[in-house]
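Chemist: The following comprises the amino acid sequence and a computationally predicted model.
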Amino acid sequence: MTTDAQEPQALSDGEANEEQTEAVVPLEGWRAIVTPQRTLIAYGALMMLALVPFGTGHVTGIFVTTVHAIASIAVLVVAALQQRYGLGAFALFILVLSLLWRFELGLSDEYMAHLIVVASVFSILASSLNMSVGYTGLMSLSHAGFMGIGAYAFAVLTTETLNPPPGAEVFNLPYWPSIVVAGLVASVVAFIVSPILRLRGHFFVLATVTVMLSLSQVILAWRWMTNGSLAIREVPRPVIFGYAFDTADKFLLFSIPVAIICIIILWRLVESPYGRVLTTIRANPAVAESIGKNVGFVRLRVYVITAFFAGVAGAVYVSYFTVAAHSQYLVEFSTFLLIMVVLGGSGRWLGAVLGALAYVTVSEVVRYVPDITEWFHSYISFFPVIPGEKTGGITTMTWGALLFFLMLFRPQGIIGRYRLE
């Protein structure tokens, strides 16, 4: 018979004891009022409220960045007093982005809005992948494939395009139902390939790579529905009560609420008793089976749920860029999604959001490498100048090096709960 003292350690791999200790300590004074959860909610609401007049064209980026910077400094103080390092790291990233935007280091209002839109979509992808990798232990590299399925499903269902595929003539769904259907299509595909969940360890990872490559080839070969290598162009953007989200600064008013809704749903799942089952399965599947949980069925549900949110993210992504091309959803992008989760911290829902922001930030900083090398070359003649067309390769090399050092010195990520194994 297993005693009560032994169960917490088995269920959460050593973390339950710490969490229970924190839970029994009563909060007093201002800490009982200014909790990290309330601080994060107020912080996010303030950031969103500051972006609304920016998206509608009533204020400039200077106003937004000033509000974000002041709020970030206040949250940093609260995080330091509460010793909540994840909240502090999130506020620090927002502060850095605000300063970059404020001093206009090559970031115009339009381009900064573009980065916010991309970061919101990546946050959905990273949060859903974190549910699989961080909480359940399913190291999947097929996430970009499900994103691509959702993107193409949305593009096909909304046939108001410049070159709709011949097979899309039977559809013509409205915009909003198409987003949900795109997620459902991705879930169905995940269910079809779910037999790979019987594999374990490195074999499962290799199987997800095979799924990713297969989905990419299916998109290319299924020309009557996807246009093959020609892509699908002029995918529609959303319109609400006659207000068209046709620019980056307007589209962020659509992508951020969608990201918030998706992240809240995922957060409630992983913080619920169901989420505790997931962490139990990650720590010790035998223990989960001993308490009556069907491990195989739980893993299947996680795989299907994460595929749904990847499909929704793909629909938002293709709606923003208005082009569905298979080259956007390859194994390389799945690897980048995994890096976001590992960098931010697996097993922490806020870590996934932080990883997505860090990915966008670092990728943007790398864009300045040619300018930096040219500046050095002006003073040191033998210093090599890196041309701008090499930026893509430099980005890949930078992330490879960052992942290498991360595994050496911080394998659990910035605020992660588990080490990547």
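Modeler: Structure's in. What do you need?
Chemist: If we go by neighbour counts, what in stretch 397-408 is buried?
Modeler: Within stretch 397-408, the residues scored as buried using 16 or more other CB atoms under 10 Å are 399, 402, 403, 406. For every residue, glycine as well, the C-beta is placed using N, CA and C.
Chemist: pLDDT added to these, as CSV?
Modeler: Listed next are the buried residues of stretch 397-408 as CSV, based on pLDDT from 0 to 100:
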residue, pLDDT
399, 78
402, 79
403, 77
406, 76
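Chemist: Where do the strands of the stretch 301-421 of the chain begin and end?
Modeler: Ranges of strands in the stretch 301-421 of the chain, per DSSP state E, counting those that start in this stretch, are 323-324.
Chemist: try the chain
Modeler: 232-233, 239-240, 243-244, 323-324 (DSSP state E).
Chemist: Grab the longest helix from this structure for me.
Modeler: helix 295-321 (DSSP state H).
Chemist: Tell me the helices and strands packed up against that helix.
Modeler: helix 109-130, helix 143-157, helix 175-192, helix 248-271, helix 273-283, helix 285-290 (3 or more CB pairs under 8 Å, 6 or more residues apart in numbering; DSSP states H and E).
Chemist: between it and helix 248-271, how big is the angle?
Modeler: Inter-element angle recorded for helix 295-321 and helix 248-271: 170 degrees (by axes from the mean of the first three to the mean of the last three CA atoms, to 10 degrees).
Chemist: domains of the chain?
Modeler: 28-105, 115-338 (automatic domain parsing).
Chemist: ranking these by mean pLDDT, which is last?
Modeler: Ranked by mean pLDDT, those end with domain 28-105 in last place, scoring a mean of 79.
Chemist: Settle this for me: residue 267 is touching residue 349, isn't it.
Modeler: Yes: look at residue 267 against residue 349 with CB atoms under 8 Å: they come within range, at 4.7 Å.
Chemist: ok, these two, which is more surrounded?
Modeler: residue 349 (25 against 17; other CB atoms under 10 Å).
Chemist: Show the pLDDT at that one.
Modeler: So, for residue 349, pLDDT stands at 77.
Chemist: cool, and residue 19?
Modeler: pLDDT, read off for residue 19, is 42.
Chemist: Not counting sequence-adjacent ones, nearest residue to residue 334?
Modeler: residue 144 (4.0 Å; CB to CB, 6 or more residues apart in numbering).
Chemist: follow-up on the earlier one: may I see the strands of the chain organised as TSV, with distance to residue 67 and mean neighbour count added?
Modeler: Output for these, formatted as TSV (distance: least, CB to CB, whole Å; neighbours: other CB atoms under 10 Å):
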stretch	distance to residue 67	mean neighbour count
strand 232-233	37	20
strand 239-240	25	12
strand 243-244	23	12
strand 323-324	33	22
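Chemist: Which among those is found nearest to residue 68?
Modeler: Proximity to residue 68 (CB to CB) singles out strand 243-244 among the strands of the chain, at 24.1 Å.
Chemist: what are the pairing partners of that closest one, and which direction each?
Modeler: Its sheet considered, strand 243-244 pairs with strand 239-240 (antiparallel) by DSSP bridges.
Chemist: Would you quantify the distance from residue 337 to residue 127?
Modeler: Distance of residue 337 to residue 127, given as CB to CB, to the nearest Å: 11 Å.
Chemist: who has more neighbours, the two?
Modeler: Between residue 337 and residue 127, counted using other CB under 10 Å, the more crowded position is residue 127 (31 against 26).
Chemist: ok, for that one, nearest residue in space, not its chain neighbours?
Modeler: In space, residue 127 is closest to residue 352, 4.3 Å off (CB to CB, 6+ apart).
Chemist: Contacts only, for that neighbour.
Modeler: Residue 352 makes contacts with 123, 126, 127, 129, 130, 134, 340, 341, 344, 345, as judged by CB atoms under 8 Å, 6 or more residues apart in numbering.
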